[in-house]
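**Q** Structure here, sequence nowhere to be found:
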């Protein structure tokens, strides 16, 4: 029962990966890159520390460019992040042999989030792939409680944190085009990166 | 980390209980009764077979009567089931010492289901209780896959199955009032009851 899990190295996608192993799945972590930066390596490093298999999924640069246009048009990043996430899920689900895809999206996040019809559409369009979201029924209290038990976490403002989510390359592309990312992304936006297990005895396969 | 989990003895609430134990919670199963029938005993029996602690939660008969009125008014059971489920969650969340409540509601079910604002309202109204739904991010393929690995399940039409969900007492009350439950509940409505673990080596605490 292998599942391909979209992974940024943050606390949500790390927690979701751990839950998947706990309920019997063989988890392969997948980090998206558009090939502009090598920030996928932070997720790779965290995956290694947590003991998960990891690979990268390269998406066409064109998608990042379309996302950047959306972000500029809207003056905020929501639609762009949602767009990239949907394309990442589709790219993953369309790979041969992939029967299950998953992510760390959670109940209290506005984006990225697939509503019921989008989730079903993803499953139907890609030959009955199962889309699994272990955190969708968990509120922030529960997520904080579990993350606090499991992981050493570093929390910083997005601009400073070395991590592997879509935002980093999106900000980079905006900068390349002479647009200040701070005009689009909220100024105070804390993000997390998992550094490792809190206790040695807690293991991915525990 | 104790969680009070609404439990019918069916496959969904059993699977959700198992997931909760797998991610570190001490699970106490709670079956609702209105005191009309003793059908809660089926959930108690399944809980015993699975090795979970179990208790019953008695709700006022008046709530069942209000639910019956809704069902008759609508000619279908959805709103009544939703009403009972919300009242059950509230009754559980309002108990002293209860910090976490959970249930087996899933992505593909129409009712019972608390949307985001109702879920947050439940948490806020009851002193920051956490509401956990382990199955909310799982589609039917994933649920069937996990249930198939874990449990011996009996599937029958609702009218025949000995189980402990709200429907049984609701049907009973309708019958008492001279209303044929089949005029309200769909004729072919299969429900499940878990009989035990599929393999002895799979344990609640495994």
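**A** That came in fine, so what should we check first? Please read all numbers here as calculations on a predicted model, not as lab measurements.
**Q** Please count neighbours and contacts with C-alpha atoms only from this point.
**A** Fine.
**Q** After the lengthiest helix in chain A, which helix or strand is next?
**A** Ranked by number of residues, the top helix in chain A under DSSP state H is helix A:78-93. For helix A:78-93, the following helix or strand on the C-terminal side (DSSP states H and E) is strand A:100-102.
**Q** rewinding a little: hmm, the longest helix of chain A touching chain B?
**A** No: counting by Cα under 8 Å from any Cα of the partner chain, chain B is not contacted by helix A:78-93; separation bottoms out at 14.8 Å.
**Q** Would you mark the buried spots in that helix?
**A** Neighbour counts using 16 or more other Cα atoms under 10 Å in any protein chain shown place A:78-86, A:88-90, A:92-93 of helix A:78-93 among the buried residues.
**Q** With distance to residue A:71 and pLDDT added, can I get those in a markdown table?
**A** Formatted as a markdown table, the buried residues of helix A:78-93 follow (distance: Cα to Cα, whole Å; pLDDT from 0 to 100):
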| residue | distance to residue A:71 | pLDDT |
| --- | --- | --- |
| A:78 | 7 | 94 |
| A:79 | 7 | 97 |
| A:80 | 6 | 97 |
| A:81 | 9 | 95 |
| A:82 | 11 | 97 |
| A:83 | 10 | 98 |
| A:84 | 11 | 97 |
| A:85 | 14 | 97 |
| A:86 | 16 | 98 |
| A:88 | 17 | 98 |
| A:89 | 20 | 98 |
| A:90 | 21 | 98 |
| A:92 | 24 | 98 |
| A:93 | 25 | 98 |
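**Q** Which residue of chain A lies farthest from its centroid?
**A** residue A:178 (26.4 Å; Cα atoms, centre = their mean).
**Q** Make sure that one is indeed in a strand.
**A** No: counting by DSSP: H, G, I helix; E, B strand; the rest coil, residue A:178 falls outside a strand, being coil.
**Q** Next one: it from residue A:141, what distance?
**A** Using Cα to Cα, to the nearest Å, we find residue A:178 at a distance of 39 Å from residue A:141.
**Q** Likewise for residue A:128?
**A** Distance of residue A:128 to residue A:141, given as Cα to Cα: 33 Å.
**Q** Then residue A:8?
**A** Look at residue A:8 and residue A:141: by Cα to Cα, they are 21 Å apart.
**Q** Check residue A:164 too.
**A** The gap separating residue A:164 from residue A:141 is 24 Å, by Cα to Cα.
**Q** Looking at those two, which has the bigger crowd around it?
**A** Comparing residue A:164 with residue A:141 by other Cα atoms under 10 Å in any protein chain shown, the one with more neighbours is residue A:164, at 24 against 16.
**Q** Report pLDDT for the more buried one.
**A** Looking at residue A:164, its pLDDT stands at 79.
**Q** Pull the contacting residues for it.
**A** A:8, A:9, A:31, A:32, A:39, A:40, A:41, A:42, A:43 (Cα atoms under 8 Å, 6 or more residues apart in numbering or on different chains).
**Q** Please repeat the previous calculation with a cut-off of 10 Å.
**A** Neighbour list for residue A:164: A:7-10, A:31-33, A:37-44, A:193 [criterion: Cα atoms under 10 Å, 6 or more residues apart in numbering or on different chains].
**Q** For it, identify the helix or strand it belongs to.
**A** Following DSSP H and E, there is no helix or strand that holds residue A:164.
**Q** Can you pull the phi/psi pair for it?
**A** Phi and psi for residue A:164, reported as degrees, to the nearest 10, are phi -120, psi 30.
**Q** Report all helices and strands that the longest helix of chain A contacts.
**A** strand A:2-6, strand A:26-33, strand A:53-58, helix A:61-74, strand A:100-102, helix A:116-125, strand A:130-132, helix A:166-176 (3 or more Cα pairs under 10 Å, 6 or more residues apart in numbering or on different chains; DSSP states H and E).
**Q** Among those, which comes closest to chain B?
**A** When those are compared for distance to chain B using Cα to the nearest Cα, the nearest one is strand A:130-132, at 5.2 Å.
**Q** confidence score at residue A:188?
**A** pLDDT, residue A:188: 64.
**Q** Might you report the residue contacts of the closest residue to residue A:103 other than its chain neighbours?
**A** Excluding the flanking residues, the one nearest residue A:103 by Cα to Cα, 6 or more residues apart in numbering or on different chains is residue A:6, at 5.0 Å. Residues in contact with residue A:6, defined by Cα under 10 Å, 6+ apart, are A:13-14, A:16-17, A:28-32, A:54-57, A:85, A:88-89, A:92, A:101-105, A:165.
**Q** Any idea what residue A:6 is bridged to?
**A** Assessed by DSSP bridges, residue A:6 has beta-bridge partners residue A:30.
**Q** still on that earlier bit, which of the contacts of residue A:164 fall within strands?
**A** Among those, DSSP state E puts A:31, A:32, A:33, A:193 in strands.
**Q** what's the spacing between residue A:111 and residue A:132?
**A** Taking Cα to Cα, one finds residue A:111 at 16 Å from residue A:132.
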